[in-house]
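> dropping a prediction and its sequence here:
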Amino acid sequence: MPKVKILHPDDPGDQNERKKPAHHRRDVFHAWMLEGAEYVGLLDMPKLAPVHANPDRIVAFSDAMNPGWSDYDCFVHFFEDDCNIERFWNNPKSYLRKLGKFQGVLGLDYSVCYDFPVALKDYNHWRNSVCTYWLQQFLACAVPQARCEGENCTTVLAGFPKHSTIAIGARSMVRDLEDRTMLKASIKHIVDYLEPENLLWYGSDMYGVADYPREKGIPVHIYPAKGRGKLNHEKGGDR
């Protein structure tokens with residue numbers, strides 16, 4: 001991948017240089033976000049740094065980026081529909097300054113539904129890791145967000161840190177039996193492979209979906225999924 005200089009949006013630098021694009025206009029592949037990355041595994045996943053976090057509150061990216069939002073004593077999460085977070089991929093630098101005001105972020109969560117074509121799932125796994133890697137270069141804390149299926153676990157989690165805080169998105173995966181079965185299997189693979197220090201769990205933990213990490217002695221911090229009219233989420237509450 002080409003080596004391209006990354007300019008920090010808060011660095012005034014040379015004014016003439018600031019007027020130029022911070023990366024080559026042909027780099028629609030976002031290679032510039034991987035400056036300095038070490039690649040791991042079959043998909044060349046960027047190696048992510050371990051983090052340690054236990055936020056009291058989290059807020060959705062789309063809410064946090066509202067012009068009127070000014071409560072920064074929380075983490076930002078991306079457990080939203082893809083249409084609400086695609087703008088970050090299209091222009092990540094424009095959001096970095098405000099994201100930097102928060103305590104940290106939970107990594108990107110582009111959809112990797114089990115009925116997607118394999119190529120699309122791999123691409124979105126890759127984008128999730130690329131964005132998290134890039135955010136880790138600038139923010140105080142960017143927590144890797146993990147998903148996998150049995151057959152792709154070691155491939156898509158390559159580059160993920162072991163013995164780290166890991167974010168899990170369980171939104172919309174609990175009520176349906178088939179989805180719940182897939183979620184439980186995914187969690188088992190993640191726990192066995194990454195041996196996380198603790199899990200930041202977004203969504204319901206009903207029907208025993210979080211039992212396996214708890215049986216392993218891994219703390220699971222629950223953040224209920226966003227309901228209508230709610231802007232932020234605290235631990236506990238309705239499940």
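Great, that's in hand.

> are we agreed that V105 is in a strand?
Yes: V105 forms part of a strand when assessed by DSSP: H, G, I helix; E, B strand; the rest coil.

> name the next helix or strand downstream of the helix or strand of the chain with the lowest mean pLDDT, please.
Within the chain, confidence by mean pLDDT, DSSP states H and E is lowest for helix 15-18 among all helices and strands, at a mean of 35. Per DSSP states H and E, helix 15-18 leads on to strand 39-40 as the next helix or strand towards the C-terminus.

> residues making contact with that following strand?
Outside strand 39-40, the residues that touch it by Cβ atoms under 8 Å, 6 or more residues apart in numbering are 45-47, 158-159. Using the backbone N, CA and C atoms, a C-beta is placed for each residue, glycine as well.

> in strands, which of these appear?
Using DSSP state E, the subset of the contacts of strand 39-40 located in strands is 45-46.

> report the two of the contacts of strand 39-40 separated the most.
Across the contacts of strand 39-40, the longest distance by Cβ to Cβ is 9.6 Å; it joins P46 and A158.

> for the residue nearest in space to the middle of the chain, what are its contacts?
Central residue check for the chain by Cα atoms, centre = their mean: the C-alpha nearest the mean position is that of G107, 1.6 Å away. Residues near G107 by Cβ under 8 Å, 6+ apart: 78, 128-129, 131-132, 135, 142-145, 167.

> just the strands in the chain please.
39-40, 45-46, 57-60, 75-77, 104-106, 142-143, 165-169, 198-202, 220-223, 232-234.

> low pLDDT regions in this protein?
Where the chain drops to pLDDT under 70, the residues are 1-23, 27, 227-239.

> cutoff 50 now
For the chain, applying pLDDT under 50 flags the ranges 1-21, 228-231, 237-239.
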